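Colleague: Fold the following, please.
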Amino acid sequence: MNTYRICLMLMAVLALGCNKSDNGPTNGLNGPNVDADYSVLLTADGILSEALLNANAEVITLNPATSAFESTSVPELSFREGTVLSFYNEKSNCTGEITSFDFSDYSFKKLGVFDDIQSCQIEVRSITHSGTAIYLVYGIPGSGAKKTHYFIRMVDVASSGATFTETELDKEPRQIIFSNNRVFILSLDPEEEEEENALVVYNTASGELVHDLDLDSDVQMIFKTVDGNIMVSYPDLHLIINSITLGITDTVRYNDGKEPKFGTTKAAYFDTGGNLYYPMPTGLSGTEYPNIPGVYDFSTNTAVLYFYENFLTAEERNFEFEIGDTSIVTYDAGNNLILIGYKKDGNANKGGILRIKPIPEPKFIDNIDLNGVPFEIFVN
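Modeller: Predicted coordinates:
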């Protein structure tokens, strides 16, 4: 397998011999100054709501307009691709509700699900979507030797009712991703003593399970790359699997102590250039925060870490902005700015957004306080 050198760049030390990406945040010194709208989903007291922001490269302000997003309970499961967010919530009558919301035009579809099962013991594991359907994997109690039955359900969002098809699974599903008319199911094999993982492939056209790829036991998560392939994340490496041929096209091992740690995050965002933005778990000297903003460039296999201590003073961090932890990281390509959503220290229902310029000239731009913790940020 090919071996690559992973270099962790700190904002205070830029010249570490790492290559710069040809895409995304590392390619521009001073991006253009363009008007942008940010749709920010916020969590507070178990409720998911929206704040509208107006911005350019120099200033960010609150838009007082009424949001078209209807506040709801914080979803149990969600999946984002581009401007579309799908999420699942359990209802009080033991059924469920799925919502698909497109933040580019505020169109949405909301459907009931599991009305046919009449069970309060449904355990939904993961959600994903295509342009026409939402997919769920779930388990219900069984009997005899099989303690739990697992299924993948495809719900047609184009229909007026909850029209669905489903297929029973032989393995226990952990996570699902849709790509190229297939759903890739990260699964555990119950027949293996060490709970070996597998990548099960579901053909959405035929409704059949068509492939089953063995993986090791320490798989963390799977991601869909910008070119539609599947990345399998491990603590010490990642694989790229072609979503059509199912061949492994790349294997990247990390140097000991320099692992990018994106395989444990549920708040990852890919830009159009293939860079991954995420809150990185630290455990590092030089920072007191549990998670700091990270950007991983897959074209060069390098990670850039933005330590708060390197672009904010102690007074700004502790008193002015009251930064407690990073909740989400994303990118405003029009203005070449990294957006950092954070939770306030000592207040689980307050947060804000910091904006910084990325390398090679990192610089703090501004901050805005928000009545909630950023859950997702859509840049329009």
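Colleague: Any regions of the stretch 251-380 of the chain where pLDDT drops low?
Modeller: Counting by pLDDT under 70, the stretch 251-380 of the chain contains low-confidence ranges at 284-285.
Colleague: quick one, helices of it?
Modeller: 314-315 (DSSP state H, counting those that start in this stretch).
Colleague: ok, which stretches of it are strands?
Modeller: 269-270, 275-281, 291-297, 302-305, 323-332, 337-344, 351-357, 363-370, 373-379 (DSSP state E, counting those that start in this stretch).
Colleague: Just send the ones you listed back as JSON lines, with distance to residue 131 too.
Modeller: Yep, even glycine has a C-beta here, placed from its N, CA and C like the rest. Output for the strands of the stretch 251-380 of the chain, formatted as JSON lines (distance: least, Cβ to Cβ, whole Å):
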{"stretch": "strand 269-270", "distance to residue 131": "18"}
{"stretch": "strand 275-281", "distance to residue 131": "23"}
{"stretch": "strand 291-297", "distance to residue 131": "27"}
{"stretch": "strand 302-305", "distance to residue 131": "32"}
{"stretch": "strand 323-332", "distance to residue 131": "22"}
{"stretch": "strand 337-344", "distance to residue 131": "26"}
{"stretch": "strand 351-357", "distance to residue 131": "30"}
{"stretch": "strand 363-370", "distance to residue 131": "31"}
{"stretch": "strand 373-379", "distance to residue 131": "18"}
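Colleague: Pipe those into JSON lines and attach mean neighbour count per row.
Modeller: Formatted as JSON lines, the strands of the stretch 251-380 of the chain follow (neighbours: other Cβ atoms under 10 Å):
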{"stretch": "strand 269-270", "mean neighbour count": "22"}
{"stretch": "strand 275-281", "mean neighbour count": "24"}
{"stretch": "strand 291-297", "mean neighbour count": "25"}
{"stretch": "strand 302-305", "mean neighbour count": "24"}
{"stretch": "strand 323-332", "mean neighbour count": "23"}
{"stretch": "strand 337-344", "mean neighbour count": "24"}
{"stretch": "strand 351-357", "mean neighbour count": "23"}
{"stretch": "strand 363-370", "mean neighbour count": "16"}
{"stretch": "strand 373-379", "mean neighbour count": "23"}
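Colleague: Quick one: classify the closest residue to residue 69 other than its chain neighbours as helix, strand or coil.
Modeller: Spatial nearest neighbour of residue 69, excluding adjacent residues (Cβ to Cβ, 6 or more residues apart in numbering): residue 50 at 3.9 Å. Put simply, residue 50 is strand when judged by DSSP: H, G, I helix; E, B strand; the rest coil.
Colleague: any idea how far residue 348 is from the nearest residue to residue 188 once chain neighbours are set aside?
Modeller: Leaving out its chain neighbours, the residue that sits closest to residue 188 by Cβ to Cβ, 6+ apart is residue 172, at 4.4 Å. As judged by Cβ to Cβ, to the nearest Å, residue 172 and residue 348 stand 32 Å apart.
Colleague: Give me the more crowded residue out of these two.
Modeller: Ranked by neighbour count (other Cβ atoms under 10 Å), residue 172 and residue 348 place residue 172 first, with 18 against 13.
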